[in-house]
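>>> Below are the sequence and a predicted model for it; my questions follow.
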Amino acid sequence: MAKKTAPSPRSSRPPRRPIDVREWLGGIRLSGFMVIMLGLVVLAAFVLVPTIGTYVDQRQQIAAIEAAVQVSRDEVAELESQRDRWSDPAYITTQARERLYYVKPGEVVYLVDDDLPPELAPQEREPVSEDVEQTRTDWMAQLVRSVTEAGLARTVAPVTVGVPDPEPTATPAP
């Protein structure tokens, strides 16, 4: 007796043949109805795409305006709460004491000058020297030279608004 083997699933399929696109396109038959429907679909696409774009832009603008309105409402609510606080005499008294250092008659106020912790206190960058140092240049000669050069200049550049100055030169123009 010979053993029968079951055919493998791959061997039962017919071999693949290459697809010929010309054969597929040749099988399409266009009727007048299909041409009209295809034209309507293309026309609808041309009509709806700008309309949809406009709709999306307007929805974005509406969302931005609604967000701005919400921010304005929040600001109005904050200002109204401040107005309500300022109508309370206890709040006014507290603000006058804290901001303006007002006191009631007979009270003694103590102001603490250095109440910051050491790590938050401003530090000097480098200590100030007590020695008088001599400058490297003669400032008086430089002042006189600057004044005389400005007085002896023959031309003055006209002042123009909105136009950048030309490149500076090392010597004044004759």
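Cool, the structure landed.

>>> where's the most centrally placed residue in the chain relative to residue 57, distance?
Central residue of the chain (Cα atoms, centre = their mean): residue 64, 15.6 Å from the mean position. For residue 64, the distance to residue 57 (Cβ to Cβ, to the nearest Å) stands at 11 Å. (Glycine included, C-beta is placed from N, CA and C.)

>>> With residue 22 instead?
45 Å.

>>> more crowded one of the two?
The neighbour count for residue 22 versus residue 57, taken as other Cβ atoms under 10 Å, is higher for residue 57 (10 against 7).

>>> Just the mean pLDDT for the host helix or strand of the more buried one, thanks.
Counting by DSSP states H and E, the element that carries residue 57 is helix 32-86. Averaging pLDDT along helix 32-86 yields 92.

>>> Heading C-terminal from it, find the next helix or strand.
Following helix 32-86 toward the C-terminus (DSSP H and E): helix 89-100.

>>> Now do the buried residues in stretch 41-52.
In terms of neighbour count (16 or more other Cβ atoms under 10 Å), stretch 41-52 has no buried residues at all.

>>> Now do residue 62 against residue 82, distance only.
Distance from residue 62 to residue 82, by Cβ to Cβ: 30 Å.

>>> Now stretch 117-127: average pLDDT?
pLDDT averaged over stretch 117-127 gives 75.

>>> No further queries at this time; thank you.
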